[in-house]
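K.L.:
sequence first, then the predicted structure, then my questions.
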Amino acid sequence: MASKRYKQLSEKIEIGKGYTISEAAAFIKEMKSAKFDETIEIAMNLNVDPRHADQMVRGAVVLPHGTGKTVRVAVFAKGAKADEARAAGADIVGTDELVEQIKEGIFNFDVVVAAPDCMGVVGKIGRILGPKGLMPNPKTGTVTPDVATAVNNVKGGQVAFRVDKKGNIHAGIGKVSFESEKILENITAFIVAINKQKPASAKGRYIKNAALSLTMSPAVRFDLNELADIK
């Protein structure tokens, strides 16, 4: 059963309307009802079949205004690369000792970055990191020789995305306390990134459904025709 508060919020949404991203960025602030600073979440359903390798949509985008969340970064690096990671603000830097920490179930980080020469070490815990969505990957910029830039990107508001088996993508793209203009710019950056990843083999309408919501609010649906034009 939906709560009274949720029903009241739902009544504010115009039935059947597809909101422009500008309208949604302003309107979503009216959906605030929780006492905490709710996360703005975007949900999309893409017309792709991820079972085919050429239709896997995956990547990352650095939002212009960040996510509003403090992100802890662990970096697998050694030597000069380890020093660069620390200088960039990495929370944890290591190799074998970091592997042992993870094997013990200690996860005091949110994102893992790795220098290419450390992927052999990371591979030892792939079965642990993979299911948690923490395995570094070149497509999301988390396997790179430039570990300092990777740390800066993650700390600065990088959001990784990947379709699930049904073509769905979910991501947090800011906080309701953000100004509407900043919300709009974050939404636009995210959609541009999704459109850039459109597989050549994807036919018909690429973005089938898309909506914006808060942690505790109903969803506001986007105008799909507008989304297709955002490049």
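P.N.:
Thanks, I have it. Values in this document were obtained by computation on a predicted structure and should not be read as measured data. Numbers count the residues shown, from 1 in each chain.
K.L.:
how about His52, what does it touch?
P.N.:
Contacts for His52 (Cβ atoms under 8 Å, 6 or more residues apart in numbering) come out as Ser201. Using the backbone N, CA and C atoms, a C-beta is placed for each residue, glycine as well.
K.L.:
and it, how far from Val163?
P.N.:
Distance from His52 to Val163, counting by Cβ to Cβ, to the nearest Å: 11 Å.
K.L.:
mind checking pLDDT for Ala2?
P.N.:
Looking at Ala2, its pLDDT is 61.
K.L.:
meant to ask about Ser201, not that
P.N.:
pLDDT, read off for Ser201, is 89.
K.L.:
which elements pack onto the top helix by length along the chain?
P.N.:
Identified as the longest helix of the chain according to DSSP state H is helix 180-196. Using 3 or more Cβ pairs under 8 Å, 6 or more residues apart in numbering; DSSP states H and E, the elements in contact with helix 180-196 are helix 21-27, strand 39-46, strand 58-62, strand 158-162, strand 168-175, strand 207-214, helix 224-228.
K.L.:
Ile191: which of the ones you listed is closest?
P.N.:
helix 224-228 (5.7 Å; Cβ to Cβ).
K.L.:
report the separation between His52 and Gly94.
P.N.:
His52 is 37 Å from Gly94, by Cβ to Cβ.
K.L.:
again with Asp117
P.N.:
14 Å.
K.L.:
now the helix or strand bottoming out on mean pLDDT in the chain: buried residues?
P.N.:
Here the helix or strand of the chain ranked lowest by mean pLDDT, DSSP states H and E is helix 4-10, holding a mean of 88. Residues of helix 4-10 classed as buried: Leu9 (neighbour count, 16 or more other Cβ atoms under 10 Å).
K.L.:
got the contact list for that helix?
P.N.:
Contacts of helix 4-10 (Cβ under 8 Å, 6+ apart): Ala2, Met31, Ser33, Met216, Ser217, Pro218.
K.L.:
pLDDT below threshold where in the chain?
P.N.:
Applying pLDDT under 70 to the chain flags residues 1-2.
K.L.:
the residue minimising distance to the centre of it pairs with what?
P.N.:
The residue lying closest to the centre of the chain (Cα atoms, centre = their mean) is Val159, at 3.3 Å. In this entry, Val159 is beta-bridged to Val61, by DSSP bridges.
K.L.:
quick revisit: could you dump the helices and strands packed on helix 180-196 into a markdown table and include distance to Ala90?
P.N.:
Converted to a markdown table, the helices and strands packed on helix 180-196 look like this (distance: least, Cβ to Cβ, whole Å):
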| stretch | distance to Ala90 |
| --- | --- |
| helix 21-27 | 32 |
| strand 39-46 | 24 |
| strand 58-62 | 17 |
| strand 158-162 | 14 |
| strand 168-175 | 22 |
| strand 207-214 | 31 |
| helix 224-228 | 35 |
